[in-house]
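sharing a model prediction with you, sequence too.
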Amino acid sequence: MSADRRTRHLWVVLLGGPLVWLAHFALTYLVAEAGCTGDGPGLDRFDPPAPRVFTVAATAIALLACAVLGRRAWRQWRPAAQHHRDDDRGHQSPGETATMLGGIGLLLAGFSAAAVLLVGVMTPLLPGCGS
């Protein structure tokens, strides 16, 4: 695997979970807002119960994406990975840095999944459109 490809993989593992959470939150908020306040042409598609149905579907997709990203991060971090030693000057080797970033990516994917789940569970339970 080339160094450029490995670097891209590390960025996906590290930032994928928070980006999934951000997209989920923004899309569910926009659909709910369009359903509650949108009276323009074409916005009648977003009338209730469409925001709740969209939220449930988007939550399922986002949780699946977080699980896939978490699995990729786990494979990067797993304890059975090669053990890299510090060099003579005390610096971490590139493999050790990648392992550490995989662990951070795993935590971020887990936290992002929890945030997605909180938004996805609370939205259908709360009264819609300020009622």
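Cool, the structure landed. Numbers count the residues shown, from 1 in each chain.

could you pull up the mean pLDDT of whichever helix or strand Leu15 is part of?
Assigned by DSSP states H and E, Leu15 belongs to helix 3-37. Model confidence over helix 3-37, given as mean pLDDT, is 89.

that one: how far from the chain's middle?
Offset of helix 3-37 from its chain centre (C-alpha atoms, centre = their mean, to the nearest Å): 6 Å.

residue numbering should commence at 12 henceforth.
Yep, numbering from 12; the last one is helix 14-48 now.

tell me the buried residues in it?
By neighbour count on 16 or more other C-beta atoms under 10 Å, the buried set for helix 14-48 is 20-21, 24-25, 27-29, 31-32, 35-36, 39, 42-43, 45-46. For every residue, glycine as well, the C-beta is placed using N, CA and C.

and for stretch 59-78?
62-63, 65-66, 69-70, 73-74, 76-77.

looking at the residues you listed, which one is closest to Gly121?
Ranked by distance to Gly121 (C-beta to C-beta), the buried residues of stretch 59-78 are led by Cys77 at 7.7 Å.

you'd agree the closest one is up against Ala126?
No - using C-beta atoms under 8 Å, Cys77 is not in contact with Ala126, being 9.3 Å away.

Phe85: neighbour count?
One correction, residue 85 is Trp, not Phe. 16 (other C-beta atoms under 10 Å).

that one: helix or strand, and which one exactly?
Element membership of Trp85 [criterion: DSSP H and E] is helix 61-88.

for Asp50, phi and psi?
Main-chain dihedrals, Asp50, degrees, to the nearest 10: phi -120, psi 10.

which of the buried residues of helix 14-48 lies closest to Trp85?
Nearest to Trp85 among these, with distances taken as C-beta to C-beta, is Val24, at 9.5 Å.

now that closest one. Nearest residue, chain neighbours left out?
Spatially, and ignoring its direct neighbours in sequence, Val24 is nearest to Gly116 (3.8 Å; C-beta to C-beta, 6 or more residues apart in numbering).

run a quick neighbour tally on the one you found.
27.

and what of Ala126?
Here the count is done by other C-beta under 10 Å, and Ala126 has 19 residues near it.

OK, contacts around it?
By C-beta atoms under 8 Å, 6 or more residues apart in numbering, the residues touching Ala126 are 32, 36.
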